[in-house]
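Engineer: this is a predicted model, with the sequence first.
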Amino acid sequence: MHSVSGNTTDFSFSCSTCMGDDRHIRTQPGGHSLVKTSCPASQVFHLECITRWLDSEQQKVRRLDQRQCSECMEPALPLIRLGGKSVLDDESPYCESLMLNACRTGNLKTLKMLLAEDETLANRTYRSALTGHPEHPLAVAINYGFTACEKLLVESGAMNNQ
C-alpha cells in the first residue's frame, strides 16, 4: 500500500500496476507522481505505471481517445494529475493541462481560479491528450456544451487575438 501524505491528495492507495513496488517518482511531494484516469471509476495510478500500460503494444494500436484503463477497460484519457496543478501543457502526452480539463469537464470553479491568476490563459492553446493536437479552451467548452465556461472565457478575452 502506497501512503501519500503531505500533498493535496492526502490518501493511501495501492497502484494496481506495480502492486507495491516502492519506486520513487520525483515530480510530486511524497515522491510519487499520481494521476487519475477519466474513466467512470477514476482509477488512481503512478504516472509511470499507467504510462507503461498506455504505451504497451496492446494499447498503441488504439487511437489516443480509445486507450483503456488497465482496471476497467473504459477509455482512460486524459489523465489528470493529483496533488498539484498543471496550468500549461504537461510533459506527459497522456496528461491534460488543468485549464483544458476545466473546459472539457465544465469545472467552472477551477476555470475561475485559473483565470483569476492569469487571464491570458484564455487565449493560449493547449495540447489535447485525446488528439495530441493543440486546442483552444473556448473551442473545447463549446464542443462539450459548457456555456458558463464559454461566457467566462469570452469575458476573459478568449476571442481576442485569434
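Structural biologist: Noted; the coordinates are in hand. Residues are numbered from 1 along each chain as shown.
Engineer: isn't residue 98 up against residue 110?
Structural biologist: Yes: taking contacts as CB atoms under 8 Å, residue 98 lies within contact range of residue 110: 6.5 Å. Where you see a C-beta, it was placed from the backbone N, CA and C, and this is true even at glycine.
Engineer: please say which of these two ends up with more neighbours.
Structural biologist: Ranked by neighbour count (other CB atoms under 10 Å), residue 98 and residue 110 place residue 98 first, with 23 against 17.
Engineer: quick one: the more buried one from residue 132, how far?
Structural biologist: 18 Å (CB to CB, to the nearest Å).
Engineer: was I right to think residue 54 contacts residue 95?
Structural biologist: No: Residue 54 lies out of contact with residue 95 (CB under 8 Å); the separation is 10.8 Å.
Engineer: pLDDT at residue 14, what is it?
Structural biologist: Looking at residue 14, its pLDDT stands at 69.
Engineer: wait, I meant residue 48
Structural biologist: At residue 48, pLDDT is 89.
Engineer: and it, how many neighbours?
Structural biologist: Neighbours of residue 48 under the rule other CB under 10 Å: 17.
Engineer: what helix or strand is it on?
Structural biologist: Assessed by DSSP states H and E, residue 48 sits inside helix 47-54.
Engineer: give me the contact list for that helix.
Structural biologist: 15, 17-18, 23, 25, 27, 33-35, 37, 59, 67, 70, 76-77, 79, 81, 92, 94-95 (CB atoms under 8 Å, 6 or more residues apart in numbering).
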